[in-house]
Every structure is written in C-alpha cells, then in structure tokens.
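[1] the following comprises the amino acid sequence and a computationally predicted model.
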Amino acid sequence: QVQLVESGGGLVQAGGSLRLSCAASGRTLSAYYMGWFRQAPGKEREFVAFISASGISTNYTDSVRGRFTISRDNAKNTMFLQMNSLQPEDTAVYYCAAAAQLNWGRRTTFDSYENWGQGTQVTVSS
C-alpha cells in the first residue's frame, strides 16, 4: 500500500487561495489513480477532483470547476490541489486518495479508492 500525507490546509478569507499537497511514500505514485475528496461537518464525504496516473485526464465536481486545479508530480511522488477564489462553502477536511486499479465510471466515488490520507482542514471565512 501507499501512505499518503496531506498538507497545506489552513484558514483563509473568502476569495483567497490555498495549495494542498499530498505526499506519497511506500510505493511509486505514478502507478496510482488519484483523487481529492472533502467532508464538511455533518455532511458526507464528497468528490472534488480526479487525476489519472499519467496526469493527462482530470475531472472536477461542478462546484469547483474553474476555481480548483488538480495536478501531480510523479517524479516527486506528490499530488496537488490549487484552490483559488475560495468560498465559505469550501470549508471542509480535504482528503487525498489513491487507487491502484479503478473502474473508470466510478472514479468519482470514494469507495473506489483504497488508500487515504489523514486529511487537512480548510476553513474559509466570509
């Protein structure tokens, strides 16, 4: 299994930016499909963004498309989520996830991923 550690969360005002990182160890990240999910208090974990193993294909949930950018640096075993124009509704714990094998049609569902980080808190004040 691959171990994942998120960083880069924090408190930011509405309209601000944050860049989350997900550092992998134990296995080469280039072998994994990767995703970002988030969970707000009292809500279910929801899909945010996906990136294929090569980095060529990406997907976003509608609410973040155009504001967030997912990327990866396989040479550094790290994945990123650049978050711009943050809004209070983006407040959540953000998790990175990795899957060695993936049903393409289910790449946005959290149970498709077997490896998870511990999460990093993002709080956006109004």
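    Sure thing, it's come through. It should be emphasised that the depicted structure is a prediction, and the values quoted were computed from it without experimental measurement.
[2] give the buried residues for stretch 19-27.
    Within stretch 19-27, the residues that qualify as buried by neighbour count (16 or more other CB atoms under 10 Å) are 20-24. C-beta here means a position set from N, CA and C on the backbone, and glycine is covered the same way.
[3] alpha carbons only: can I get that stretch in CSV?
    Extracted as CSV, the C-alpha positions of stretch 19-27 are listed here (Å, rounded to 0.1, in the frame of the first residue of the first chain):
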residue,chain,number,x,y,z
ARG,A,19,-2.5,24.9,-2.3
LEU,A,20,-2.8,21.5,-0.9
SER,A,21,-0.2,18.8,-1.2
CYS,A,22,-0.4,15.0,-0.9
ALA,A,23,2.9,13.3,-0.4
ALA,A,24,3.2,9.6,-1.0
SER,A,25,5.6,7.1,0.4
GLY,A,26,5.9,3.3,0.2
ARG,A,27,5.1,3.0,-3.4
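[4] phi, psi for residue 30 please.
    Here the main-chain torsion angles of residue 30 (degrees, to the nearest 10) amount to phi -60, psi -10.
[5] quick one: neighbours of it, just the number.
    Per other CB atoms under 10 Å, the neighbour tally for residue 30 reads 14.
[6] work out for me the element residue 85 sits within.
    Element membership of residue 85 [criterion: DSSP states H and E] is none; it lies in no helix or strand.
[7] from residue 10, how far out is it?
    When CB to CB, to the nearest Å is the yardstick, residue 85 and residue 10 sit 16 Å from each other.
[8] now swap in residue 48 and tell me
    Going from residue 48 to residue 10 by CB to CB gives 17 Å.
[9] of those two, who's got more company?
    Looking at residue 48 and residue 10 with other CB under 10 Å, you find the greater number of neighbours at residue 48, namely 25 against 13.
[10] OK, contacts around the more buried one?
    Applying CB atoms under 8 Å, 6 or more residues apart in numbering, we find residue 48 in contact with 35-38, 60-61, 64, 68, 81, 94.
[11] can you map out the helices along this protein?
    Secondary structure of the chain (DSSP state H): no helices located.
[12] spatially central residue for it, please.
    Geometric centre of the chain, nearest residue: residue 36, 2.1 Å, by CA atoms, centre = their mean.
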